[in-house]
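> Curious how this folds, go ahead:
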Amino acid sequence: MNSLIKLTSILLLSTGALVTHAGTDSITVKFRLNVPTACVITNSNKALILPLMHNTAPVMLNINVKCNVKYTIKASSGNSLGHNESELINPESTQKIPYSVTMTGGPTPVIVNGPASATVAPSTPTKTDIYTLSAKTKSALAIEEYIAGNYEDTVTVEITY
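This is a model prediction of the structure:
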């Protein structure tokens, strides 16, 4: 009897060695591509000199903005006289020439020498927001009444995102 128990134990142990255990293992992989923030004024020349006419004819410049995030836009003149108003100064003269400067177009209004615009939603991949900066003298100038030279002002257009 004792040997029967031993034989049965050996048989059970040897057949247990042939039994395989089923199981699983896994790994989860998430792929991610980070698209960085991009917000640019896409004009090729970012330091322009535009000549104003003495006869109130406006000069215009399109300013192209492309952003993949929300942004605000602001335009400010160096010699501000208030909203959409400024003056041209010649360092050789005490005379100043007032002029109007406006910014139109784009998805939101922009007041030159005013607060930043309302927040603008990101552009679609194929869309550029186009703003038009326009300036003109407030009245026709009798140029012989002004000292010769360059009368200048600088307008800075800034996007914040």
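> And stretch 86-95, what's buried?
86-90 (16 or more other CB atoms under 10 Å). C-betas here are computed from N, CA, C, even on glycine.
> Show me which of the residues you listed is closest to Val120.
The nearest member of the buried residues of stretch 86-95 to Val120, counting by CB to CB, is Ser86 at 24.0 Å.
> The closest one contacts Asp153, doesn't it?
Yes. At 5.2 Å, Ser86 counts as touching Asp153 under the criterion of CB atoms under 8 Å.
> Mutual contacts of the two, please.
Counting by CB atoms under 8 Å, 6 or more residues apart in numbering, the residues touching both Ser86 and Asp153 are 77-79, 99.
> Narrow those residues to just the buried residues.
For the shared contacts of Ser86 and Asp153, buried by 16+ other CB under 10 Å: 77, 79, 99.
> so how far is Gly78 from Ser86?
Counting by CB to CB, to the nearest Å, the separation of Ser86 from Gly78 is 8 Å.
> list the residues that contact both of these two?
The contact lists of Ser86 and Gly78 share 153, 155, where a contact means CB under 8 Å, 6+ apart.
> rewinding a little: would you turn the buried residues of stretch 86-95 into TSV with distance to Ile159?
Below are those laid out as TSV (distance: CB to CB, whole Å):
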residue	distance to Ile159
Ser86	20
Glu87	25
Leu88	25
Ile89	27
Asn90	31
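> Tell me the one among the residues you listed nearest to Thr132.
Using CB to CB, these come closest to Thr132 at Ser86, 16.7 Å.
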